[in-house]
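A.B. asks: I'll drop the sequence and a predicted model, then ask my questions.
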Amino acid sequence: MMAHPGIKFAPSILAADFARLGDEVQAAEAAGADRIHVDVMDGHFVPNLSMGPAIAQAVKRACKLPIETHLMVTNADRFIEPFAKAGSDTLIVHVESDFHLDRTLREIRSLGCKVGVCINPATPVWTLEEVIPLVDLILVMTVNPGFGGQKYLQSTEGKIRSLRRLVDQRGGGIEIEVDGGIDHLTAPRAAVAGADVMVAGTSVFGAPGGAANGLRRLIDSVAGISPSA
């Protein structure tokens, strides 16, 4: 089952059953996932602790999809090379945690990975203006990062719209991704606001009937919607 060509889906394994991680990832792949999202938390930048490079490597072995790694950490420079070597195709770092963002983004590119940058709900869009030429993807957190299963913040939709306008004014070519509380009800809202990649964890891996049913419901919810400013 293929997603609408304008919208992509990145199931987050943070909500997966780790005792069956390979099966979970493969079910999402078969149901139409475009990539797999790996959330990395260090217990400092966010109040939770999660997976390391070995998990990214295991996911890479389990499927044929690209792997994107979201580094919710205080010192991303320590982590980008290990995760690149583990098989991450895209590395995403936070504006809020990086004092030398330009250097970090260029380092990601030098490792052969696609470059992503993320902003939290309270972070203004203007903080990205100087680095837009360096990135392939902008991730907008639609919850405050650190835990799965949180409620989607509708207040972030203005940020998504602003980013869509900014990206389109610069010639496009940059994906706008959203992460947090994304399900069959909120995905259409984010898509209409301008997002073209949906990260979803609980609504996919925690869905009745498993990941395949959860992802199909998500895909169906945005059928026919094209991202717009």
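C.D. replies: That came through fine.
A.B. asks: how about the longest helix belonging to the chain: buried residues?
C.D. replies: Assignment by DSSP state H gives helix 157-169 as the longest helix of the chain. Of all the residues in helix 157-169, those buried under the rule 16 or more other CB atoms under 10 Å are 157, 159, 160, 161, 162, 163, 164, 166, 167. The C-beta positions use only the backbone N, C-alpha and C, and glycine is treated the same way.
A.B. asks: For that helix, which helices and strands make contact with it?
C.D. replies: Judged by 3 or more CB pairs under 8 Å, 6 or more residues apart in numbering; DSSP states H and E, helix 157-169 is in contact with strand 137-141, strand 175-179, helix 186-193.
A.B. asks: Export the ones you listed to JSON lines and append columns for distance to residue 118 and mean pLDDT.
C.D. replies: Formatted as JSON lines, these follow (distance: least, CB to CB, whole Å; pLDDT from 0 to 100):
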{"stretch": "strand 137-141", "distance to residue 118": "4", "mean pLDDT": "98"}
{"stretch": "strand 175-179", "distance to residue 118": "8", "mean pLDDT": "97"}
{"stretch": "helix 186-193", "distance to residue 118": "15", "mean pLDDT": "96"}
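A.B. asks: so can I have a markdown table of these showing distance to residue 94 and mean neighbour count?
C.D. replies: Output for those, formatted as a markdown table (distance: least, CB to CB, whole Å; neighbours: other CB atoms under 10 Å):
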| stretch | distance to residue 94 | mean neighbour count |
| --- | --- | --- |
| strand 137-141 | 9 | 25 |
| strand 175-179 | 12 | 25 |
| helix 186-193 | 19 | 23 |
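A.B. asks: and the residue nearest the centre of the chain, what element?
C.D. replies: The centre of the chain sits closest to residue 199, judged by CA atoms, centre = their mean, with a distance of 4.9 Å. Secondary structure from DSSP states H and E places residue 199 in strand 197-200.
A.B. asks: what helices or strands is that strand leaning on?
C.D. replies: strand 8-11, strand 175-179, helix 186-193, helix 211-221.
A.B. asks: What pairs with it, parallel or antiparallel?
C.D. replies: strand 8-11 (parallel), strand 175-179 (parallel) (DSSP bridges).
A.B. asks: Helix 186-193 and the last one, what's the angle between them?
C.D. replies: Looking back up the chat, that one is strand 175-179. 150 degrees (axes from the mean of the first three to the mean of the last three CA atoms, to 10 degrees).
A.B. asks: contacts for strand 175-179?
C.D. replies: 8, 10, 12, 37, 70, 116, 118, 136-143, 145, 156, 160, 163-164, 167, 190, 194-199, 227 (CB atoms under 8 Å, 6 or more residues apart in numbering).
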